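In: Model the structure of this input:
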Amino acid sequence: APLDIRLFKIALTYTTPQHLNCKAQIIMSDHYRRRSRSRSRDREPHSRSFPSITGSGGMSGGINSIVVAQQAAQDKINRELFVGNTPPGTSEMLLLQFFNAAMRRVKLCAPTASPIVQCRVNAKFAFVECASVLDANNCLNLSGIPFLGSSLKVSRPSKYTGAFVQSKSWQELTGQALPVGIVDPNEEKLNRELFIGNTTPEMTGEMLTDFLGKAMEQVGLAIMPGNPINACRVNGKFAFIELRTVKEAENALNLNNIPYMGAMLRVGRPSKYNGPVTNHGNWEDILAKFMSGELVIPNAGGNAAPAAATNPGFTSKVVELENMLTMKDLESDQEYQEIMEDTKDECSQFGALKSVIIPRTGPGATKIFLEYLTKDDAAKAIAGLAGRTFDGRRVEAVFFSEDKFAARDYA
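Out: The predicted structure follows:
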């Protein structure tokens, strides 16, 4: 059939431009090849080279260009890194120069090299482009490096599909620990989050953060100075707290059943947690260890409280509180009665109070003495009150001699 008829027929058969173009080029090539053979039938045979279907500048050239472009795009992905936890206001130039200097410092590149060639900064993260894939692999070792009060997380972007590259954290590479108060970004938030159940509407996030954080500090569940709770979200009858480290989240599970404002708080993992099961006790177990002398409660200075330091097994039904009051607070009779009533209400949540004494004169002035019916209740009060802040002052709570209390010797 004539060439135009044959092309028309395939146009009806093939419904996509790709199929049509490919088939048409095959037919046209075959057509002209036949014409060429007919004209040279009487000529002396010679070696033939069949023409390319696409010709020198056709489809194969386009495919090569696409392949080259894809390779270039993949190479850029392999040279690019994600940088998380960047502090607000971070400039691209500052971050670029900081990374280059850090890599030179730990000899991840030549002394005069600039392995980071470009940086793009967004609100809470950034992307850096390295000069080579090797530089990108080396730069992964900067993860965890302190930067303007934050600890940067360096990792591959989500679109990276290359091979896994073993790397260390900045702390492992340099042997330097994270500064106090900086959270390790490599520790997932879910592993640092705990559920707090049985809360009441009166409990605010600030109150829970202060109470639970101080309780952890006082019984040695915090592994570094300062409140171990970074954030608290309250929602009706429950809340979530975020600890600064995974270890402290594991330790905080021991706060389960801790009494607060007349309620027994439930502390556990959130439902979405799918990590390993953590063995832990309850608040009662912590108090039992304290009363047996296994646990020494630190005071505001970070040392053991006097009674526990000289006699770790010493316990009493009487608790001595300091740094809650000033002499000015005791001048007015009306204010004194209000303080007495507030103290009874607040401290009765730990157990049955037998008496409350607040001397207005003498060596015990400005101190508060709480007499409970049992030593267990007194221990709960110490754990719940020691380390809390009152009018900017850090409260100290220790056991007090029952004999001295009975003799009204408050020195």
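
In: From the contact counts, what lies against the strand or helix carrying Ala73?
Out: Here Ala73 sits within helix 59-78, counting by DSSP states H and E. In terms of contacts (3 or more Cβ pairs under 8 Å, 6 or more residues apart in numbering; DSSP states H and E), helix 59-78 is packed against helix 133-139. To be clear about C-beta, it is placed using only N, CA and C from the backbone, and glycine gets the same treatment.

In: Find the helix or strand that Gln118 is a member of.
Out: Going by DSSP H and E, Gln118 is in strand 116-121.

In: relative to strand 116-121, how tilted is the helix holding Ala73?
Out: Put simply, helix 59-78 runs at 80 degrees to strand 116-121, going by axes from the mean of the first three to the mean of the last three Cα atoms, to 10 degrees.

In: Next, the buried residues of helix 59-78.
Out: 77-78 (16 or more other Cβ atoms under 10 Å).

In: pLDDT on it, on average?
Out: Averaging pLDDT along helix 59-78 gives 79.

In: Where does Met216 sit: helix, strand or coil?
Out: helix (DSSP: H, G, I helix; E, B strand; the rest coil).

In: my guess is it contacts Ile223, does it?
Out: No - at 9.5 Å, Met216 does not count as touching Ile223 under the criterion of Cβ atoms under 8 Å.

In: Which one of these two is surrounded by more residues?
Out: Neighbour count, other Cβ atoms under 10 Å: between Met216 and Ile223, Met216 has more, with 24 against 12.

In: Any buried residues in the strand holding Gln118, and which?
Out: Result for strand 116-121 [16+ other Cβ under 10 Å]: buried residues 116, 119, 121.

In: and if you look at stretch 380-395?
Out: Buried residues in stretch 380-395 (16+ other Cβ under 10 Å): 380-388, 394-395.

In: Touching that stretch from outside, list them.
Out: 210-211, 214-215, 217-219, 258-260, 283, 286-287, 290, 297, 299-300, 305, 319, 321-324, 347, 349-351, 370, 372, 396-399 (Cβ atoms under 8 Å, 6 or more residues apart in numbering).

In: looking at this, Ile286 is in a strand?
Out: No - looking at Ile286 with three-state DSSP, it is helix, so not inside a strand.

In: give me every residue that touches it.
Out: For Ile286, the contacting residues are 219, 221, 254-255, 295, 383, by Cβ under 8 Å, 6+ apart.

In: if you set the cut-off to 10 Å instead, what comes out?
Out: Neighbouring residues of Ile286 by Cβ atoms under 10 Å, 6 or more residues apart in numbering: 215-216, 218-221, 251, 254-258, 280, 294-295, 297, 379, 383.

In: shared neighbours of Met216 and Ile223, which are they?
Out: Taking Cβ under 10 Å, 6+ apart as the criterion, Met216 and Ile223 both touch 248, 251.

In: Report the beta-bridge partners for the nearest residue to Arg266 once chain neighbours are set aside.
Out: Spatial nearest neighbour of Arg266, excluding adjacent residues (Cβ to Cβ, 6 or more residues apart in numbering): Gly197 at 3.6 Å. Beta-bridge pairing for Gly197 (DSSP bridges): Phe238, Arg266.

In: shouldn't Gly197 be in contact with Met264?
Out: Yes - contact criterion Cβ atoms under 10 Å: Gly197 and Met264 qualify, at 9.5 Å.

In: shared neighbours of these two, anything?
Out: Asn256.

In: In helices only, show me the contacts of Ile286.
Out: 215-216, 218, 251, 379, 383 (DSSP state H).

In: Which of those residues sits closest to Arg192?
Out: Nearest to Arg192 out of those is Asn251 (Cβ to Cβ; 11.5 Å).

In: residue contacts, the closest one?
Out: By Cβ under 10 Å, 6+ apart, the neighbours of Asn251 are 216, 219-223, 228, 243, 245, 278, 280, 286.

In: From those residues, keep the buried residues only.
Out: 216, 219, 221-222, 228, 243, 245, 280, 286.

In: mind giving me JSON lines with those and columns for distance to Val67 and pLDDT?
Out: Formatted as JSON lines, the buried ones among the contacts of Asn251 follow (distance: Cβ to Cβ, whole Å; pLDDT from 0 to 100):
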{"residue": "Met216", "distance to Val67": "59", "pLDDT": "88"}
{"residue": "Val219", "distance to Val67": "64", "pLDDT": "80"}
{"residue": "Leu221", "distance to Val67": "59", "pLDDT": "85"}
{"residue": "Ala222", "distance to Val67": "57", "pLDDT": "86"}
{"residue": "Pro228", "distance to Val67": "54", "pLDDT": "91"}
{"residue": "Leu243", "distance to Val67": "50", "pLDDT": "90"}
{"residue": "Thr245", "distance to Val67": "48", "pLDDT": "82"}
{"residue": "His280", "distance to Val67": "57", "pLDDT": "86"}
{"residue": "Ile286", "distance to Val67": "65", "pLDDT": "80"}
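
In: from these, which two are the most distant?
Out: Thr245 and Ile286 (18.8 Å).

In: Give me the number of neighbouring residues for Thr209.
Out: Thr209 sits with 20 neighbouring residues when counted by other Cβ under 10 Å.

In: swap that for Ile358, sorry
Out: Close neighbours of Ile358, defined as other Cβ under 10 Å, add up to 21.

In: what do you get for Ala231?
Out: Ala231 has 14 neighbours, counted by other Cβ under 10 Å.

In: Am I right that it sits in a strand?
Out: Yes - assessed with three-state DSSP, Ala231 lies in a strand.

In: Now name the helix or strand holding the residue lying closest to it once chain neighbours are set aside.
Out: In space, and not counting its chain neighbours, Ala231 is closest to Glu242: 4.4 Å by Cβ to Cβ, 6+ apart. Here Glu242 is covered by strand 238-243, with elements defined by DSSP H and E.
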